[in-house]
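In: Got a predicted model here, sequence first, then my questions.
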Amino acid sequence: MAVSRRVLVLAGIALIAVGGMFARPATERASARTETPLLDVVYAAPAERVTALQLRRGETLGGLLAGANLVENDLWNLLLAFREYADPRRLMAGSEVRIRYPADSSEPHAVEIGLNADTTLHLYRGVAGWEAELSVTPITYDTLYLEGVIGPGQSIYNAVMSDPSLDISDAEKDRLVHELAYVYMYKIDLGRDIQPGATYRVVYERETRPDGTARAQRVLVAELTNRGQSYPAIHFLVPGETEAGHYDLQGRSLRSGFRRYPFDRPRITSGFGTRYHPILGVYRAHQGIDFGAPTGTPVAATADGVVVTAGFDNGYGNHVVLRHQGGYTTLYAHLSRIETGVRPGTAIQEGQRIGYVGATGLATGPHLHYELRLNGRHLNPATAPLPTAPPLPEEHLAAFQLQAAERIALLQSIAGSLPVYADASEPPATVVAD
Ligand SMILES: [Zn+2]
């Protein structure tokens, strides 16, 4: 299958943002090493001893250092130097503290405290007592582009994992596919609902440390086509919010409206369609999907709605039926227990816990039987088109459209062998491929 890839380095080095934690700007600590000529091995006493400790839950930095032979005024002085950069109370349990002692003394001469994965505060005895210096690992941003066509019997997962031109580790490829699955979680089941001929194009931004490990990553823009539908995803941070999300070209969130399934990590044990019923001993239509899960696993409502039924019958056992906008209903059966407060008339939000997996009614073992109906007619929950979320509020729409146009232009500028269906300049742009 045609798979190509390009790596762009869009931005150079940037110091990571360290939030409001620090009072002073970061200074970089020089760590230049010069080549030294090889000498014969000499057994010399080490110049210093280093003790590495971790802050325990409930332990204070002062408490930890007092146990390391730092006393009274000296300790107070050190904590003062620390406070110029960070609040000791905001230090997390598990933070690394390295204490350095001169070889001939039990009194520390330097202390290094890891403030987070990328920032270390170095404390050392200066002329006027303890002094502190912050060192921040430089972070590099780079951007990966990947695209591909899904072949028969292939999934996006194995297409990406086996892409020989994608120059990142398997762990990162794995993370990338999971990120993509997360972006599209409410729209497409990437594991099951991808047809041969489906295509993907993704611009993926990474923050990497000097040792090459990724610190964070995000899908800036993606476009998936499947079953003749185009699914653009634009990364956008709504002003005033702290977490960015992904939106379609009309500014509708990809992560609201209807969830595909009532679990984040669905394990489908029986699909929609005709099958042999193990208890009734007859062939009959399976009107929903079965998910294998241990008894007691929480079940989440797939969309906002109102409880129509919450009770027991012989077939479904303990079950809940929700009514949603647009003539949709969902049913959750064989529950071990219905969540307290879930009764007819109760308003339920998408993602809200409505009950727990069980094996009540006609069930051979613990599982969730899930049905989706539109105006009373059963739909296949794995493939049915689902109602979408309302667009962003008017006041953010212009900013979004600007960003969407830029991102689609970025996607088009890196164009490989695949066409780009999405065109942000003329919404609505749900383009149907052939
Ligand atoms: Zn079932």
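Out: Arrived safely, thanks for sending.
In: Tell me the predicted confidence for whichever residue of the stretch 51-200 of the chain sits closest to the ion.
Out: Taking Cβ to the ion as the measure, the point where the stretch 51-200 of the chain comes nearest the ion is Arg192, at 16.0 Å. For glycine as for every other residue, the C-beta is placed from the backbone atoms N, C-alpha and C. According to the predicted model, the pLDDT of Arg192 comes to 72.
In: count of neighbours near it?
Out: One way to gauge burial is a neighbour count; for Arg192, by other Cβ atoms under 10 Å, it gives 14.
In: Test my guess that it contacts Tyr261.
Out: No. Applying Cβ atoms under 8 Å, one finds Arg192 not in contact with Tyr261, separated by 10.1 Å.
In: which stretches of this structure aren't confidently modelled?
Out: Applying pLDDT under 70 to the chain flags residues 1-46, 256, 274-283, 415-434.
In: can you list the domains in it?
Out: The record's domain parsing of the chain by automatic domain parsing lists 1-16+139-257+391-434, 21-28+47-136, 268-379.
In: Neighbours of Ser95, how many?
Out: Applying other Cβ under 10 Å, we find 18 other residues in the vicinity of Ser95.
In: Spell out for me which residue occupies the centre of this structure.
Out: The C-alpha lying nearest the average C-alpha coordinate of the chain belongs to Glu179 (Cα atoms, centre = their mean; 6.0 Å).
In: and that one, helix, strand or coil?
Out: Using DSSP: H, G, I helix; E, B strand; the rest coil, the secondary structure recorded for Glu179 is helix.
In: what do you get for Glu172?
Out: The three-state assignment at Glu172 reads helix, by three-state DSSP.
In: which residue packs closest to it, ignoring adjacent ones?
Out: Ala214 (6.0 Å; Cβ to Cβ, 6 or more residues apart in numbering).
In: residue ranges for the strands of the stretch 301-434 of the chain, please.
Out: Along the stretch 301-434 of the chain, the segments classed as strands by DSSP state E, counting those that start in this stretch run 305-313, 317-323, 328-338, 347-348, 353-357, 367-374, 377-379.
In: ok, now which ones touch the residue of the stretch 251-400 of the chain found nearest the ion?
Out: In the stretch 251-400 of the chain, the residue that lies nearest the ion is His369 (3.4 Å; Cβ to the ion). If you count contacts by Cβ atoms under 8 Å, 6 or more residues apart in numbering, His369 has them with Gly288, Ile289, Asp290, Tyr316, Leu331, Tyr332, Ala333, His334, Ala363.
In: now do 10 Å
Out: Residues in contact with His369, defined by Cβ atoms under 10 Å, 6 or more residues apart in numbering, are 270, 286-291, 315-317, 319, 331-335, 361-363.
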